[in-house]
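Asks: predicted model follows, preceded by the sequence.
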Amino acid sequence: DDNFVSMVGGVEEGRVAYDNIRKVTWLLISTGIAEITLFVLSFAFNMPLPLGAVQLLWLNLVTQGIQDVALAFEKGEPGVLDRPPRSPDEPIFDRRMVERAIFSDMIMGCTAFAVFAYFINVLGWNEFDARNGLLLLMVFFENVHVFNCRSETRSVLRIPLSANPLLITTVFAAQGVHLAAMHLPVFRDILGVQPVSPAVWFGLLL
């Protein structure tokens, strides 16, 4: 529109879009590596397969099928125009991204394996029940982690939930879909899941 002021808005929109690409990438990479870590640890310690193939596909569908799209609608963070320009050669997988992805992976993957081992070795659950509980835990993990991915520099507690109502909706929808699958006979048979007691549900949520 032949207005130099428009260039400022263009730069701002470009930075917000790039930031959101990084946020989605962080979510997808860290959750994917966490799942790999879970399987690697299970093989290393001669544990049963932690999740079946259909369960793993379901996990990725429920926790990443719509949340990553909603995450792309995050609004610009404060001071987005105060940052110096980034180098055109700067990769998305910079040191910050790698460190945060590994940290997130270790928390989710190692904790999930520890809980899976606890189910089998301490509580004496069979493989079906252990996988059922583990799948619910992973759904919780990845639905919570999406809120961490809303910013690379600010605490999740400093970002108002109202800033992205679409994300809140998708998280509750994903959790509701999995909860429904645990009670509907058709999905229960396909996914190998079943309802859990309130004590187990709240324990895994915590």
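Replies: It's in.
Asks: check the gap between L179 and V193 for me.
Replies: 10 Å (C-beta to C-beta, to the nearest Å). In short, each C-beta sits where N, CA and C put it, glycine included.
Asks: more neighbours, these two?
Replies: V193 (22 against 14; other C-beta atoms under 10 Å).
Asks: in this structure, which residue is most central in space?
Replies: For the chain, the residue nearest the mean C-alpha position is E142 (3.0 Å; C-alpha atoms, centre = their mean).
Asks: contacting residues for it?
Replies: 31, 34, 59, 63-64, 67, 108 (C-beta atoms under 8 Å, 6 or more residues apart in numbering).
Asks: closest to L184 among the residues you listed?
Replies: L59 (17.2 Å; C-beta to C-beta).
Asks: next one: A117 from F103, what distance?
Replies: The gap separating A117 from F103 is 22 Å, by C-beta to C-beta.
Asks: compare these two (neighbour count), which wins?
Replies: A side-by-side neighbour count of A117 and F103, using other C-beta under 10 Å, places A117 first with 16 against 12.
Asks: regarding V171, what is its secondary structure?
Replies: With DSSP: H, G, I helix; E, B strand; the rest coil as the basis, V171 sits in helix.
Asks: report how many residues lie close to it.
Replies: Counted with other C-beta under 10 Å, V171 comes out at 19.
Asks: average pLDDT across the helix of greatest length in the chain?
Replies: Longest among the helix segments of the chain by residue count, using DSSP state H, is helix 4-44. The predicted model assigns helix 4-44 a mean pLDDT of 92.
Asks: and if you look at stretch 167-187?
Replies: 92.
Asks: how far away from the center of its chain is it?
Replies: From the chain centre to the centre of stretch 167-187 is a distance of 15 Å (C-alpha atoms, centre = their mean, to the nearest Å).
Asks: may I see the buried residues of that stretch?
Replies: 167, 170-171, 174-175, 177-178, 181-182, 187 (16 or more other C-beta atoms under 10 Å).
Asks: what's it in contact with?
Replies: Outside stretch 167-187, the residues touching it (C-beta under 8 Å, 6+ apart) are 58, 62-63, 65-67, 69-71, 73-74, 132, 136, 139-140, 143, 146-147, 150, 161, 188, 191, 193-196.
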